[in-house]
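> Sequence first, predicted model second:
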Amino acid sequence: MDLEFRKNEDINLQLVSELKNRLKKVYTGGGEKAAAKQKEKGKMLVRERVAYLIDKDEPWLEIGALAADGMYSEHGGCPAGGVICGIGYVSGRQCVIVANDATVKAGAWFPITAKKNLRAQEIAIENKLPIIYLVDSAGVYLPLQDEIFPDKEHFGRIFRNNAIMSSMGIIQIAAIMGSCVAGGAYLPVMSDEAMIVEGTGSVFLAGSYLVKSAIGEDVDNETLGGAITHCEISGVTDYKQPNDQACLDSIRNIFSKIGDYTKAGFDRIAAARPKLDEKEIYGILPENREKPYDMREIIMRLVDNSELEEYKTGYGQSIICGLGRIDGWAVGLVANQRKVVKSRKGEMQFGGVIYSDSADKATRFIMNCNQKRIPLVFLQDVTGFMVGSRSEQGGIIKDGAKMVNAVANSVVPKFTIIIGNSYGAGNYAMCGKAYDPRLIYAWPSAKIAVMGGSQAAKTLLQIQAASLKAKGEVITPEKEAELLKEITDRYNTQTTPWYAAARIWVDGIIDPLETRKVISMGIEAANHAPIEKAFNVGVIQT
């Protein structure tokens, strides 16, 4: 291994180490004191509940683990958004799990909590996966109620989704394992089945204090909405369980009896590991996000047997397209080539840039995969579309629009991994979050922004300097340098994968070695939902 490889390896392993350290902190939830209080009540902690519920010999894919990272500091923080979400297996059946963390503000809902819950439901709806809710929440976090209560994508959308999912035949089971208050009470009741833990579970529209304030009635919470009330008097809940373990065992028992499902029929054979060492990815991926490298070397360490049936190899070389397998599943790969290449016409094509011929090739390949019912995997390291008079006269906007059209109208499931840069319209064409990938994850090396940091900082500096000059302020070279540093630092912070993961612009950040697991579990999930819509791109300029 050369010196450059070792340097890259060290940097990328440091990034993975940072990821693990951040996740380790997130996994502690609201801290030891809050955890001790839950234990005193005889309750399991949220991650203990999830670990007990899921099959031990099957993988677990967490969604939004870094949600709210660095956010809500003025409110004491909200680790993981106060809720654990993911895709796992219960009694051999793949499903989505949503579990409130009562150690974080008693499981209260922050704005990001609602966003994360809606994302989990979206995944269940798209893939027709069963969903399990482990409810333990004090309801809306009142200091931020205006950011969570009334809008379309706020708290109420969750119950609307409950109703829609029920009409679609998607199985929903809720376990009331703690508080379930006010509007949140509708979630378990709108599920197919609801169970409650005796002594710790409670569900009501208003707690005892609010009842006393509203109508003057003196009543304790257990009488108002405990297990006996709802299992023996109101009939709101279907099963009464003595403790958390018995409740989770009951869910596993129910899931063991669920019938089979109609499959989409995506092709899968016996899985094979890549022939090339996956760990070499760390040494191949450069520290400098502008430095070229050969994306094929990354692909060959992700696909089974390191085999890729490449499409139009010599044409549109700034995008690599090809058929391969990941964990046995057939996939169509669309990846940005970061190596500088020379086209057949003798033109140099710079890495990470989408040219007209590349967009044309990718469009055709995406359409072919839709025709063949092959899931698409996008590997993003893109700086955008090529600019300049030559590109404009060559119709780059038209060719880019065709690619975006094909991505937007694809009916096969799409999965996106942001490896490096994800800038501007390149993010859109390579199936960014706005284009409905079933799952979208980032490596720690990712950068997500409308444009690169240096270009954006200089543009923002010009705007800010002009504004200050208009107010009569003198901009000295020292002041300009100070402004540039301030703008650059702020912009660079906003382009990190941590910033994106905190806001659920991506479903999470993963070690590159987890990429195959993410894609495989994602396609298995998508296989629950047969494709019912025909592929049609509508009107497209030629």
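Done, it's in.
> Okay, and the residue in the chain sticking out farthest from the centre sits in which element?
Here the chain reaches farthest from its C-alpha mean at Gly472, the gap being 46.4 Å by CA atoms, centre = their mean. Following DSSP states H and E, one finds Gly472 outside all helices and strands.
> Tell me the pLDDT of it.
As predicted, Gly472 sits at a pLDDT of 80.
> What separation do you get for it and Glu482?
To Glu482, Gly472 is 19 Å away according to CB to CB, to the nearest Å. For every residue, glycine as well, the C-beta is placed using N, CA and C.
> same check, this time on Ala425
From Ala425 to Glu482 the distance is 32 Å (CB to CB).
> neighbour count winner among the two?
Ala425 (18 against 11; other CB atoms under 10 Å).
> For Val404, list the residues it contacts.
When contacts are counted by CB atoms under 8 Å, 6 or more residues apart in numbering, Val404 touches 425, 428-429, 435.
> Just the closest of these to Ala67, please.
Ranked by distance to Ala67 (CB to CB), the contacts of Val404 are led by Tyr435 at 21.0 Å.
> I'd assumed Asn405 was in contact with the closest one.
No - using CB atoms under 8 Å, Tyr435 is not in contact with Asn405, being 10.7 Å away.
> how much space between the residue lying closest to Ala68 once chain neighbours are set aside and Ala429?
The shortest distance from Ala68 to any non-neighbouring residue, by CB to CB, 6 or more residues apart in numbering, is to Cys78 (4.2 Å). Distance, Cys78 to Ala429, using CB to CB: 34 Å.
> So between the two, which is more surrounded?
Ala429 (32 against 27).
> Isn't that one up against Val407?
Yes - here Ala429 lies in contact with Val407, judged by CB under 8 Å, at a distance of 6.4 Å.
> what ranges do the strands span in the stretch 301-450 of the chain?
309-311, 319-326, 329-336, 341-342, 348-349, 353-354, 376-382, 384-385, 414-423, 439-442, 447-449 (DSSP state E, counting those that start in this stretch).
> try the stretch 51-200 of the chain
Applying DSSP E, counting those that start in this stretch to the stretch 51-200 of the chain gives strands spanning 61-63, 83-90, 93-100, 131-137, 172-181, 193-197.
> close enough to count as contact, Ala120 and Gly88?
No - here Ala120 does not reach Gly88: they are 11.8 Å apart, not a contact under CB under 8 Å.
> Among the two, which residue is more densely surrounded?
Legend: neighbour count by other CB under 10 Å for Ala120 and Gly88, higher for Ala120 (26 against 21).
> Skipping adjacent residues, who's closest to that one in space?
Cys85 (4.2 Å).
> what's the neighbour count on the one you found?
For Cys85, the number of neighbouring residues by other CB under 10 Å comes to 27.
> likewise the one 4 residues further on?
Per other CB under 10 Å, the neighbour tally for Tyr89 reads 20.
> Check what pLDDT the nearest residue in space to it that is not next to it in sequence gets.
The shortest distance from Tyr89 to any non-neighbouring residue, by CB to CB, 6+ apart, is to Glu58 (3.9 Å). What the model reports as pLDDT for Glu58 is 97.
> before we move on, back to that, quickly list what the residue nearest to Ala120 is bridged to.
Ile63, Val98 (DSSP bridges).
> Correct me if wrong: Ala175 contacts Ala246.
No - using CB under 8 Å, Ala175 makes no contact with Ala246, being 10.4 Å away.
> more crowded one of those two?
More crowded of Ala175 and Ala246, by other CB under 10 Å: Ala175, with 30 against 14.
> Look up how far Leu53 lies from the more buried one.
Distance, Ala175 to Leu53, using CB to CB: 9 Å.
> Overlap in contacts, these two.
Contacts common to Ala175 and Leu53, judged by CB under 8 Å, 6+ apart, are 132, 134, 248, 251.
> burial count for the closest residue to the second one other than its chain neighbours?
With CB to CB, 6+ apart as the measure, Ala99 is the residue that lies nearest to Leu134, at 3.8 Å, once sequence neighbours are left out. Number of residues near Ala99 (other CB under 10 Å) recorded here: 22.
> change the start of the numbering to 841 and stick with it
With the count now opening at 841, the last piece we talked about shows up as Ala939.
> In the stretch 941-1090 of the chain, where is pLDDT below threshold?
By pLDDT under 70, the low-scoring segments of the stretch 941-1090 of the chain are 1023.
> Let me fix that, I meant to ask about the chain.
841, 1023, 1183-1189, 1227-1228, 1231-1235, 1292-1297, 1381-1382.
> what about the longest helix in it?
When the chain is parsed with DSSP state H, its longest helix is helix 843-866.
> Next, the buried residues of stretch 1305-1314.
For stretch 1305-1314, a neighbour-count test (16 or more other CB atoms under 10 Å) marks Ala1305 as buried.
> Regarding that stretch, how distant is the last residue from the first?
Stretch 1305-1314 has an end-to-end distance of 9 Å (criterion: CA to CA, to the nearest Å).
> Give me the distance between it and the centre of its chain.
Distance of stretch 1305-1314 from its chain centroid, counting by CA atoms, centre = their mean, to the nearest Å, is 42 Å.
> relative orientation of the next helix or strand along the chain from the longest helix of the chain and strand 1012-1021 in degrees?
Note on helix 843-866: by DSSP H and E, the next helix or strand toward the C-terminus is helix 872-880. Here the directions of helix 872-880 and strand 1012-1021 differ by 110 degrees (axes from the mean of the first three to the mean of the last three CA atoms, to 10 degrees).
> chain center to helix 872-880: distance?
Per CA atoms, centre = their mean, the centroid offset for helix 872-880 relative to its chain is 29 Å.
> Touching that helix from outside, list them.
By CB under 8 Å, 6+ apart, the list of residues contacting helix 872-880 reads 868-869, 884-885, 942-944.
> Need these in JSON lines (columns: neighbour count).
Output for the contacts of helix 872-880, formatted as JSON lines (neighbours: other CB atoms under 10 Å):
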{"residue": "Thr868", "neighbour count": "14"}
{"residue": "Gly869", "neighbour count": "21"}
{"residue": "Met884", "neighbour count": "22"}
{"residue": "Leu885", "neighbour count": "20"}
{"residue": "Ala942", "neighbour count": "28"}
{"residue": "Thr943", "neighbour count": "24"}
{"residue": "Val944", "neighbour count": "26"}
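> for the contacts of Val1244, which one is nearest Gly1041?
Distance to Gly1041 across the contacts of Val1244 (CB to CB) is lowest for Tyr1275, with 40.4 Å.
> so what's that closest one closest to, chain neighbours aside?
Val1247 (5.2 Å).
> show me what contacts the one you found?
1206, 1254, 1268-1271, 1275.
> Out of those residues, which sit inside helices?
1206, 1268-1269.
> looking at it, Phe1106 is touching Ala1369, isn't it?
No - judged on CB under 8 Å, Phe1106 makes no contact with Ala1369 at a distance of 10.5 Å.
> and Leu1163, bridged to which residues?
With DSSP bridges as the rule, Leu1163 is bridged to Glu1149, Gly1172.
> and it, how many neighbours does it have?
By other CB under 10 Å, the residues close to Leu1163 number 19.
> rewinding a little: could I get the strands of the stretch 891-1040 of the chain as a markdown table with distance to Glu849?
Shown next, in a markdown table, are those (distance: least, CB to CB, whole Å):
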| stretch | distance to Glu849 |
| --- | --- |
| strand 901-903 | 26 |
| strand 923-930 | 29 |
| strand 933-940 | 34 |
| strand 971-977 | 40 |
| strand 1012-1021 | 44 |
| strand 1033-1037 | 48 |
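> Out of these, which is closest to Glu1118?
strand 901-903 (17.9 Å).
> Tally up the residues packed near Ala1274, please.
So Ala1274, with other CB under 10 Å, has 11 neighbours.
> repeat for the one 10 residues further on
Summarising burial for Pro1284: neighbours were counted as other CB under 10 Å, giving 22.
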